[in-house]
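J.: My questions concern the predicted model and sequence given below.
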Amino acid sequence: MKKFNPKAMYTVAKKEFLDNIRNKWIILLTILFVLIIVVFSYAAGSGETFGDMENTVFGLLGISSILIPLIAIMLGFSTISGEAESGALYVVLSYPVRRVEVLLGKLLGLGSVIIISIIIGFGLGGVVIALTVGPESWVGYIAFIFLSIFLGFIYLSLSICISAFCKRRITSIGGGILVFFWSMIYGTIVMAILFATGGSLEDIMVGNIPDWFYNSVVFSPGDLHQTAVQRAFGVDTIEAMGFSMAIPEFLNSINLIIFHIIWFLIPLVLAYYLFKRRDI
Amino acid sequence: MISKKIICPSCKTQMTVQGNPGEKIYITCPNCQKKGYFILKDHEKESNSVSVEINNLTKIYKDLKAVDNVSFNVLNGEIFGFLGPNGAGKTTTIKAMLGLIHVSSGTIKINGFDMKKDSIEIKKKIGYLPEKVSFYDNLTPVQTLNFFCELKGVDKSIVPKLIKEVGLEDAKNRKAGTFSKGMVQLLGIAQVMIGNPSIYILDEPTVGLDARWVRYVREKIKMLNEHGATVIFSSHILSEVEALCNRVAIINKGKLIAEDTVSNLNKYLHIKPRIEISINGLNGKVPKVIEKIGGVEAASAKGDTLFVTCDSDVRSHIIAVLEESGFKVINIKTIEPSLEDAFVKLIEGDN
């Protein structure tokens, strides 16, 4: 009797895709994303700033780490709370469809919008990079695209979880903002912990940094994503702000992928638990 | 061969019809002689005469008992009015019937299926129009209805017909986000008809509609019911409920305070009819002779009209007394007690 119906999930996914691919805010953000990626790729590839694909991609990381989470959060933050508030969810759930099918349908439909945005943005960006600096690290670039999609799904899963938790759309906005800024403020929080536990700027400058400091990127999906992209291009040491830091062995490609999966699955399972228990 | 209890839409007389599923049965009401036909649906083979069975339903939100031990049955093929003041627990009960909320205790059975165990089976046979209906801003009516057809596993070829029926043909390619409240409501009405449900749950279905579409909805409810569907209907327009419903349930502060036909409610509550008597030269004064007549509950006057609330059988006596006292009676009109009278008396009494 309680059999999962993939057709119902697909139907919900199709509806979510059709509805959100025409959302003016998503269209605007996607256009912005594509334009920035293409312009940046062209400028970085043809100028003297980066000069090769690897460094151009690392430059792109800063942009994609902001815009992809933003698109994902905008897509997912009110998908349950907003529809429950407007009444659309009453009608959907009065049909023969299970809540798990609705939830996964939403994830797939909204995820498809993210995939389209990323493929257009990074696809065009990739063409520009290939034309200007040459396609020498194309495997790394494809990995970068996949990891970006993964990042999008992580933020989508987080925002759907917020949407399942919040009763009202307005509170979901607050939750979305918190999730968006988490990766931005996370570095400062970890730095504060480092200083509070006896670390100093001098230690950082000479590369005397405890492993936990770098390993703690696993608690921030944005930093985790950046580290994974660096690993995908075979980078072992990060050089920034005049000091260099070796990426600890713990943060190898497999572990990084496992943490991506954890960041994706835990909010999704929690979203299902909250949605299933929720009174609509 | 199955039998089914039906209620005459004109005089509310209950009668039993017998036949095979899908068979068109011609009936004449033994009371008012109104003729009509009835089609027994396949699903009625499996169920008895009760369509919706709610037993001891309770829903508690933190410290609020929204629904308190409510029990009632809705019979197959009846139009059932579900009434109550704002915040009484109507919508909570309806949501429980659809599995939208988790009940604190009690059971809900629809067409013999238990809501907790077989909600998917139940929902295949239900059409629901919520009070606060909303759809997807960026989808057209065609895409919206296609989506709901797919969810119910119904052929999408019915969509153009549904759109035409609710008058949204000119707007069929417009995004629903640009629709007026009435247009969204019409889209909701089209949605509710997908898959020919055997039970319709309509929460304020005429809200936001103009007079033409209000009439359409009322006619549609009657037609659906004549074809064997059960309709559970909630509205603040009590005259609408009275005109359409065979029976009503009234809920107040989460508790069911009445469940019966409108006429039985009025009898049970001893609500008396009101007589409006036009008298030449009354000038807003109630004649003293009226107050002495037994069976008169209340009397008031406005201009040349005297309003008397009394037992039906003292009506002729009142007229005779008035004429004997020299009053010139021009016209007499009897207003039978309405559902509104019963509703107000019940709610005020309960409060």
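T.: Structure received.
J.: By residue count, which helix of chain A is the longest?
T.: The single longest helix within chain A, with elements called by DSSP state H, is helix A:99-133.
J.: helices or strands next to that helix in the packing?
T.: helix A:6-20, helix A:24-46, helix A:53-76, helix A:88-93, helix A:138-165, helix A:253-277 (3 or more CB pairs under 8 Å, 6 or more residues apart in numbering or on different chains; DSSP states H and E). Backbone N, C-alpha and C define where each C-beta goes, glycine included.
J.: Can you lay out those helices as JSON lines showing distance to A:Asn215, mean neighbour count and mean pLDDT?
T.: Converted to JSON lines, those look like this (distance: least, CB to CB, whole Å; neighbours: other CB atoms under 10 Å in any protein chain shown; pLDDT from 0 to 100):
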{"stretch": "helix A:6-20", "distance to A:Asn215": "36", "mean neighbour count": "21", "mean pLDDT": "95"}
{"stretch": "helix A:24-46", "distance to A:Asn215": "30", "mean neighbour count": "17", "mean pLDDT": "83"}
{"stretch": "helix A:53-76", "distance to A:Asn215": "19", "mean neighbour count": "22", "mean pLDDT": "85"}
{"stretch": "helix A:88-93", "distance to A:Asn215": "40", "mean neighbour count": "22", "mean pLDDT": "94"}
{"stretch": "helix A:138-165", "distance to A:Asn215": "18", "mean neighbour count": "23", "mean pLDDT": "93"}
{"stretch": "helix A:253-277", "distance to A:Asn215": "9", "mean neighbour count": "17", "mean pLDDT": "95"}
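J.: which stretch among the ones you listed comes nearest B:Cys32?
T.: helix A:88-93 (38.0 Å; CB to CB).
J.: Run the contact check for the closest one versus chain B.
T.: Yes - if you take CB under 8 Å from any CB of the partner chain as the test, helix A:88-93 does meet chain B, through A:Ala88, A:Tyr90, A:Val91, A:Val92, A:Leu93.
J.: Can you show me the helices along chain B?
T.: B:90-97, B:119-123, B:141-152, B:159-165, B:181-192, B:211-226, B:238-244, B:262-268, B:288-291, B:315-324, B:339-350.
J.: want to throw those into CSV with mean neighbour count and mean pLDDT?
T.: Below are those laid out as CSV (neighbours: other CB atoms under 10 Å in any protein chain shown; pLDDT from 0 to 100):
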stretch, mean neighbour count, mean pLDDT
helix B:90-97, 24, 94
helix B:119-123, 21, 93
helix B:141-152, 22, 96
helix B:159-165, 16, 94
helix B:181-192, 21, 92
helix B:211-226, 16, 88
helix B:238-244, 18, 85
helix B:262-268, 17, 75
helix B:288-291, 13, 84
helix B:315-324, 15, 88
helix B:339-350, 18, 77
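J.: B:Leu186 and A:Ser172: what is the separation?
T.: With distances taken as CB to CB, to the nearest Å, B:Leu186 is found 30 Å from A:Ser172.
J.: what sits against B:Gly36?
T.: Going by CB atoms under 8 Å, 6 or more residues apart in numbering or on different chains, B:Gly36 touches B:Pro9, B:Tyr26, B:Ile27, B:Cys29, B:Glu226.
J.: Same list, the helices of chain B, but as JSON lines with distance to chain A please.
T.: Below are these laid out as JSON lines (distance: least, CB to the nearest CB, whole Å):
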{"stretch": "helix B:90-97", "distance to chain A": "7"}
{"stretch": "helix B:119-123", "distance to chain A": "4"}
{"stretch": "helix B:141-152", "distance to chain A": "4"}
{"stretch": "helix B:159-165", "distance to chain A": "14"}
{"stretch": "helix B:181-192", "distance to chain A": "7"}
{"stretch": "helix B:211-226", "distance to chain A": "17"}
{"stretch": "helix B:238-244", "distance to chain A": "21"}
{"stretch": "helix B:262-268", "distance to chain A": "28"}
{"stretch": "helix B:288-291", "distance to chain A": "52"}
{"stretch": "helix B:315-324", "distance to chain A": "49"}
{"stretch": "helix B:339-350", "distance to chain A": "26"}
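J.: Let me have the ones you listed in CSV, extended by distance to B:Ile277.
T.: Below are these laid out as CSV (distance: least, CB to CB, whole Å):
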stretch, distance to B:Ile277
helix B:90-97, 38
helix B:119-123, 53
helix B:141-152, 53
helix B:159-165, 47
helix B:181-192, 42
helix B:211-226, 32
helix B:238-244, 23
helix B:262-268, 21
helix B:288-291, 9
helix B:315-324, 7
helix B:339-350, 19
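J.: Identify whichever of the ones you listed lies nearest to A:Arg231.
T.: helix B:141-152 (41.7 Å).
J.: contact partners of the closest one?
T.: Contacts of helix B:141-152 (CB under 8 Å, 6+ apart): A:7-8, A:11-12, A:14-15, A:18, A:91-92, A:95-97, B:124, B:135-136, B:139, B:155-156, B:158-160, B:162-163, B:168, B:171-174, B:176, B:187, B:190-191, B:194-195.
J.: when you compare where it runs with where helix B:181-192 runs, what's the angle?
T.: 30 degrees (axes from the mean of the first three to the mean of the last three CA atoms, to 10 degrees).
J.: Start and end of stretch A:188-204, how far apart?
T.: This stretch, stretch A:188-204, spans 14 Å end to end (CA to CA, to the nearest Å).
J.: May I see the buried residues of that stretch?
T.: Neighbour counts over stretch A:188-204 (16 or more other CB atoms under 10 Å in any protein chain shown) mark A:Val190, A:Leu194, A:Gly199, A:Asp203, A:Ile204 as buried.
J.: And the nearest residue to the second one once chain neighbours are set aside, how close does it get to chain B?
T.: Looking back up the chat, that one is A:Leu194. Leaving aside its chain neighbours, A:Leu194 sits nearest to A:Phe213 (5.6 Å; criterion: CB to CB, 6 or more residues apart in numbering or on different chains). Taking CB to the nearest CB, to the nearest Å as the measure, A:Phe213 falls 44 Å from chain B.
J.: show me the contacts for A:Phe213.
T.: So A:Phe213 contacts A:Val190, A:Leu194, A:Gly199 (CB under 8 Å, 6+ apart).
J.: got a list of what A:Tyr264 touches?
T.: For residue A:264 the amino acid is Phe, not Tyr. With CB under 8 Å, 6+ apart, A:Phe264 has these contacts: A:Phe150, A:Phe153, A:Ile154, A:Ser157.
J.: picking up where we left off before, just send the helices and strands packed on helix A:99-133 back as a markdown table, with distance to B:Lys285 too.
T.: Shown next, in a markdown table, are the helices and strands packed on helix A:99-133 (distance: least, CB to CB, whole Å):
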| stretch | distance to B:Lys285 |
| --- | --- |
| helix A:6-20 | 67 |
| helix A:24-46 | 68 |
| helix A:53-76 | 71 |
| helix A:88-93 | 55 |
| helix A:138-165 | 67 |
| helix A:253-277 | 66 |
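J.: Identify the residues contacting the residue lying closest to B:Phe327 once chain neighbours are set aside.
T.: Nearest residue to B:Phe327 in three dimensions, chain neighbours excluded: B:Ile279, at 5.0 Å (CB to CB, 6+ apart). Each residue near B:Ile279 by CB under 8 Å, 6+ apart is listed here: B:Asp304, B:Thr305, B:Leu306, B:Leu322, B:Phe327, B:Lys328, B:Val329, B:Ile330.
J.: Next, count neighbours for the second one.
T.: The local packing count at B:Thr305 equals 16, with neighbours defined by other CB atoms under 10 Å in any protein chain shown.
J.: Can you tell me who it pairs with across the strands?
T.: Note on B:Thr305: beta-bridge partners B:Ser278, B:Lys302, judged by DSSP bridges.
J.: how far away is it from chain A?
T.: From B:Thr305 to chain A the distance is 45 Å (CB to the nearest CB).
J.: pLDDT score for A:Met1?
T.: Predicted confidence (pLDDT) for A:Met1: 48.
J.: For beta bridges, what are the partners of the residue nearest the centre of chain B?
T.: Residue closest to the average C-alpha location in chain B (CA atoms, centre = their mean): B:Gly81, at 3.1 Å. Assessed by DSSP bridges, B:Gly81 has beta-bridge partners B:Phe233, B:Val248.
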